[in-house]
Each structure stands twice: as structure tokens, then as C-alpha cells.
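Enquirer: What follows is a predicted protein model with its sequence.
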Amino acid sequence: MPGDAETASHSRFRRGWLAALALTALGASGPPYATPYVPERDDEVLATLPRGVGHSSAELRAQAAARLDVALPLAQFYISQARATGDLRFLGYAEALLTRWRERTPPIPAALVLEATIQQSRHSFAAALAELDRALGLQPDDPQAWLTRAAVLRVLGRYEEAGSSCQHVAAADAVVAELCAQAARALDGHLRNAYAVVLALPLASLANTARAWRCSELGEMAARIGDSAGAARWFRMALELAPDDVYTRGAYADLLLESGRAAETLKLLQGYESMEPLLLRSAIAQQQLGDPRAARARVLLASAFAVEQQRGEEVHRREQARFLLDLAREPAAALAVAGENWRTQREPADALILLRAARAASRPEAAVPVAQFIREHGLEDLRLAPYLEMTAPRARPEAR
Amino acid sequence: MKPGRRRLRCRLAAACALAAAAAQAHVASTGFLDVTARGAVLQGSIELAVRDVELAVGVDANGDGSITWGELRAAEPRLTRYLAEHLTLAADGSDCALRFGHLEVNGRVDGNYAWVPFEGRCARVSARLKIGYHVLAGIDPSHRGLLRLGAGDSVQTAVLDPAARATALTPGHAAPWRAFAGYFQAGVWHIWSGIDHLLFLLSLLLPAVLARHGGRWEPVAAARPACISILKVVTAFTLAHSITLSLAALGVLRLPARLTESVIAASIVVAAVNNIFPLVTEARARIAFAFGLLHGFGFASVLTEMGLPEGARLISLLAFNCGIEAGQLAVVLAVMPAVYALRRVEIYRRTLLPWGSGAIATVALGWLAQRALG
């Protein structure tokens, strides 16, 4: 609808100056692309295609319109490719395969759940929840739908709802349900207890993906408690089980960066720079080390953020705020983006970037909503604590 | 451009592309559409990632997973045909003829793009440009086109969604008066060419110079009552259609087009027949108001077709409405003095008014049948 284009474009206008700022901050002497040219040699390679997206796969994709048993696994494959490579195009390919199955009456619940996963990956959380509610309306005990719903609600900071979503998984897998519930409780004022419960979970029945998830949760909890060594151990175990998990790799990179281990961070991220969140951390590490490659990473990131912003997307808002704060050194712009990000995402990392940007921009009042949220939920995180002081209500000057 | 400089740029682009190959930050599929309006001629370029061109038309002839310049060049005719089918530019409702130029390559930070220049020839200088962008529709629903539209010294941008029917923009609307002028003109043009609205209004106005006495039309004695009567009818009509035009154009209210168009035709029949067999003689303003509401929906359908430009919806709506009023006023000012002068002429009262109204009613009845049943 033209209306949608308008809304997107409107929000783009609103945020356009940030992209401009980001580019200026780089000291870029022009747009980071060149003038069109005619290659001199016919054998010059212009692009290398990832697996499963060539025109040759068109036949398979065409079959998916008629055959659910082709559409679902292929969509699943594309989604996992998107996660493993950070290549957002795969989400679009998956979505195209699902359209027909989502739009028929009645829709196929599994297609709705996959669509929700796609929206979740794009950080379109409201859309994800809507798809999941549709799926659960048709298939009320679908554990995958409940798990995804819990994960989305957790990112939104709606911990109680996340917890009750987890309960619906218990019939299918009691251990996974418990892991799901504790992951929410850990953010809702029960960090240490949740850590103990997850630690004691029986592992025998768990598949590798669930084991990796458990290790990753334990790593995050340990990091928030302040046990860096323990956290590093859990993260390494998680990555052994699931090397493609961007989220865990990013969390581990942050842990290393916080303790000033930039060289190790670079090693951890080597070969994963095609993913924006990891490229960002790699660039921060390079900057700390005085590595000249940091400049190129900054150009790549700035251009990617600029395109995302022009498209009116929210997918890497947190990373963009961090880019502006740590690489472009534009605290005011970083604070604006971090504030927008906080309106949709409420993970500890989202709180942290907003608090840091508020301090750097000398605008403690901008951090008040975050401080309120943290107090309200009893969110424990050693990394957040030092910033909370600045938002503490000060003694008011005497009334006149 | 001088050859030397061009060569240097080529090298830079190649270096840039090489750097990009080493580490690409992934963004969702994005096309870049650049259009510059110069009168009725549009000059532009469209850029699609080489990867996306592969999905759209198939480039990798030997299926080895890498796309060379030779393969891309061989696919140029297919690409051009694809673009012609998936990109349309229309100025004031009529498609501009697009002619695509020769393919080149542009290295962006996220990889190489196929760059195709084009020229569009439009039937007229456009007040508003409608862009239909359907690249990769059905293949990658997250694909978006980023439009950069330049006109004179103004530049505007928009995000184009391949699933949307079209996006309407007013080139150069950065200067608000230009958007205003464009929509004002469209309003005037619409009332003049949309003869049904004028016939309705005239049917109500023709007897304004007369008064009903003892079952006969008699000329009014002075200009004053005639003017007041005209003013009442015109004001009521204007007020009514402005209300519904605004509500419909802003998407608050919608009525099916067949219904509004049929009722508009019916309103002309009613107004014209009323001149032959007068039922309502003094309260014609009420008829004008009641049917004016429906005419407003008719105007709005035109406006919806044109599209309201982003960022200037209200001003464009106001301009369009003002255009309609101005066009309508011009007709009233041209016709009514003549009618006033004719009011004492027997032939006007006895022949022209009833037979003219009869003719109008007949035409409108035809429309009614066509619109209601067609």
C-alpha cells in the first residue's frame, strides 16, 4: 500500500539526520561507493552466490508454491542460512516461500511460526507476536510457537508473560520448559536462583541445540553476576555446540572487550565479519588495538546502517547506537538511537547502551526510563550498576 | 568525463569491490532508483545487486556459483526486459515510455550492482509522478527500492515497496507551492473535464434567475435575489463536497465507486427534472448540499487515483479542493450573467429551460444506467 511506503519514508525523514551524522562523523569524503564502470575483462567475477539462491533453485522454489513438504524445509533452510551468515536476504527468500501457506484458509500453523521467526530475526516483534497468536489459535499446544513467543516477550521485557508462555512447553519437554522459564526469571529479580536451577537441570534428554542454549544462558547469567571466568567457560561450551550462534559469539566478544582482551576478541570474530553485530565488535577491538583495518570496518558499518535507516528498519538499532558511541564518537546521536531502540527492545544490552550514551552525552535524565525499568524488575547486572547512580533522584534545591 | 579520470574511477570501484568481497556487511536486498525530472523527460538509473539480478532473470549460465561480467553482459537483454516489466513511471496518469541504456557495474560496499541508465518520455510535464516498482516481487518480499527523485534543485527520497501498487510523488515538492500549483491545476482540470459535476450545478443554477409564480417561471425583478440564490446553491454544494472529499481522501470514509458514481448521475436527473416539473423551488440549496456530499466522493476517487504526495497530504488536498472551487466559480461567473440577461426572454423560460433540462436529464439517465448496471 502506498500508505506503508509513506510511513516508512516518514520515519526515515525523522531519522535521516542520524545517518548523515554517522557519515560525517566518519569524515567520509563522499558516498562509500564509486561511479559505474564497464569491466575490462569478461571473466571478471562480480559476485559469488551463496548456496541455494541461484536461478537454478528457482525450480525448487516454484515447487514450494504447490508442495508444503518442499516449502517448509526450504524456508527453514533459508532461515538457518540467514542466522549462520547474517545475510538478511535469506529471510526474504524464506518469506516468499511461506506467503501462500500463510494466506490460505485455514493457514498452515507451521508456516505462521516460521514467519514469526523471520519477523523476530528482523526485530519486528509486534508482527512476530501476531503471527504466533494466529498459529496458537489454530494449534494451541505447539511447543515451538510457545518457545518463540517466550523469546520475543523476553526481549520486550514482558517477563511474566514470557514465563507463562514457557509453561505451555512443559507437556512436550519439561526440561526445555524449565530452561525457558528460568531464562525469564533471571531477568526478573531472581538471577542467582535461576542460575542454580539451570545449572542443576538434567541434561540427558536435551538435544544439542537446547544444550547450547543452556550454556549460553548460563554464560549470560554468570557475566551479569560478575563471574567473568565462569561466563567465558560457558560461552566457549555454547559455541562448541553451536558455532553459528551470532548472539552468543557477540556476548562472548563483549565479555572479552570489557576485560580489555581486544586481541582475543579479534580472533574470536575472525571469519564472522559478514554479520553486522560481529563486525561492529571486531571494529571496536581493532580500534582499541590501533589496527588500521578499523577504518574500513567503519565505512562498511556506516553504509549498512545508512541503508537500513533509509529503508526504515529497526533490525540493528542497538548496534547502530553502539557504533555511534564507540566508533563514531557521537554521543548525542548514539543517545537518540539508543532511546529509539529502548522503545522496542529491553534486554540488558539495550539498557547498557542507553545508560552509557546518556552518561557520555551528559544527559542523565535520558536514562531515567531505563533506571525505572531496572528497579521495577529488580534486573541484576553488574555492568549496569555503575550507571544507575547518575539517575538516582538528587536532593532538590530548596523551594523558593 | 575525461577518459583518464574515468579509468581512475574504475580502478577505485574495483578496489572498493575487492574490499567488499573480503568482508561484506549484509543488508537486506535493496535497489537504488535515481530519477531526475527535466520537464517531460525523465532521466534515471536503476541499480540492482548482481545477486538479485541472478534471482530475477538467471545470469549464472555455467552454474558455477560465481557471476562474471561476461555472464551478466549476456543476460543484458533479459534484464532490460525484466526492468521494463517491473518498473513503470507515469506522469499525470499516463505512462512514460522508458528506454533503457547500456549496462554497467557499480561497486557498492556490500557488493557489485548492475547499473542500468534509462530515459523516460512522458506525454506532458508532470505535476505528479507515479512510480510502480515491482522488482523481485514474489521472490524476496523484503526487497525495497530506495528512490531519489530530483527536480530542479530539490531532491526527495522514498522507500518503494514492490508489493505496493504505486507510489506518488510530486517532483520538486520541496517547494510547497509547486505541489500546491500541481494539485490546484488538477482540481480545475477535473471540474472542467468532469462534466457531470457541472451539469448538476448548472441544473440547479439555471432557474436561479427565475421565481415560481402560479405554476409558471417568472423572471426575478432584480439582481439581488438571483445572486443570493446562486450564492446559496454554490455554497451548499461547495461545503458538502469539501466535507466528503476531505474525509474520503484522508481515508476516513469510503464508499464503493459504483454507488457514488450512480448517485451522482441520479442527482443530475433529479436536479434537471425538477426544472421541468418543479417540486423544490425555493430550497434548491438543500438538494445541492445533499447531493454535494456524494459528489465529494466522486472528486476523492480522482484524488485517490492521483495519490497524495508524502509529507504534503493536507496542502495537496486543500490545493485540489481550491482548484475545484476555482474551476466551478469560473463556470458560474461565465454562465450566470448571460442567463440573468436572458431571464426576461420568453424563449429561455418556455423552451430553453425545460428542453435544456430535459436534454441534461436524458444524458444523465444514460450515465445512470451505464454506471449502475455496467
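Expert: Structure received. Numbers count the residues shown, from 1 in each chain, chains lettered A, B, ... in the order given.
Enquirer: going forward, measure contacts between C-alpha atoms and count neighbours the same way
Expert: Noted.
Enquirer: Wasn't residue B:280 part of a helix?
Expert: No - assigned with DSSP: H, G, I helix; E, B strand; the rest coil, residue B:280 falls outside any helix and is coil.
Enquirer: how many neighbours does it have?
Expert: Using other Cα atoms under 10 Å in any protein chain shown, residue B:280 has 13 neighbouring residues.
Enquirer: tell me the contacts of the residue lying closest to residue A:64 once chain neighbours are set aside?
Expert: With Cα to Cα, 6 or more residues apart in numbering or on different chains as the criterion, residue A:64 has its nearest non-adjacent residue at 4.3 Å, and that residue is residue A:71. Residue A:71 is in contact with A:61, A:63, A:64, A:65, A:97, A:98, counting by Cα atoms under 8 Å, 6 or more residues apart in numbering or on different chains.
Enquirer: Make a ChimeraX selection of whichever of the residues you listed turn out to be buried.
Expert: The buried residues among the contacts of residue A:71 can be selected in ChimeraX (16 or more other Cα atoms under 10 Å in any protein chain shown) with this line:
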select /A:61,64,65,97,98
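Enquirer: Throw the contacts of residue A:71 into JSON lines and include pLDDT and secondary structure, thanks.
Expert: Below are these laid out as JSON lines (pLDDT from 0 to 100; DSSP: H, G, I helix; E, B strand; the rest coil):
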{"residue": "A:61", "pLDDT": "81", "secondary structure": "helix"}
{"residue": "A:63", "pLDDT": "86", "secondary structure": "helix"}
{"residue": "A:64", "pLDDT": "86", "secondary structure": "helix"}
{"residue": "A:65", "pLDDT": "83", "secondary structure": "coil"}
{"residue": "A:97", "pLDDT": "92", "secondary structure": "helix"}
{"residue": "A:98", "pLDDT": "94", "secondary structure": "helix"}
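Enquirer: and of the contacts of residue A:71, the nearest to residue B:80?
Expert: residue A:61 (23.4 Å; Cα to Cα).
Enquirer: so how far is chain B from that closest one?
Expert: For residue A:61, the distance to chain B equals 9 Å [Cα to the nearest Cα, to the nearest Å].
Enquirer: In contact with that residue, which residues?
Expert: The contact partners of residue A:61, by Cα under 8 Å, 6+ apart, come to A:71, A:97.
Enquirer: Next: the one 3 residues further on.
Expert: The neighbours of residue A:64, taking Cα under 8 Å, 6+ apart as the test, are A:70, A:71, A:97.
Enquirer: Next up, phi/psi of residue 86, please.
Expert: The chain I'm using is chain A. Main-chain torsions, residue A:86, degrees, to the nearest 10: phi 80, psi 10.
Enquirer: okay, now it: neighbour count?
Expert: 26.
Enquirer: How about residue B:289?
Expert: 21.
Enquirer: I'd say residue A:279 and residue A:297 touch.
Expert: Yes - assessed by Cα atoms under 8 Å, residue A:279 is found in contact with residue A:297 at 7.0 Å.
Enquirer: quick revisit: out of the contacts of residue A:71, which two sit at the greatest distance?
Expert: Most distant of the contacts of residue A:71, by Cα to Cα, are A:63 and A:98, 12.1 Å apart.
Enquirer: Let's verify residue B:146: helix, strand, or coil?
Expert: Under three-state DSSP, the three-state class of residue B:146 is strand.
Enquirer: which residues does it bridge with?
Expert: Judged by DSSP bridges, the bridge partners of residue B:146 are residue B:32, residue B:159.
Enquirer: And the helices in the stretch 151-300 of chain B?
Expert: B:176-193, B:195-205, B:223-249, B:257-276, B:284-306 (DSSP state H, counting those that start in this stretch).
Enquirer: which intervals of chain A have sub-threshold pLDDT?
Expert: Residue ranges of chain A with pLDDT under 70: A:1-34, A:52, A:54-56, A:392-400.
Enquirer: Tell me where it has strands.
Expert: A:45-48 (DSSP state E).
Enquirer: OK, now which residue of the stretch 201-350 of chain A is nearest to chain B?
Expert: Closest contact between the stretch 201-350 of chain A and chain B, by Cα to the nearest Cα, is at residue A:274 (4.9 Å).
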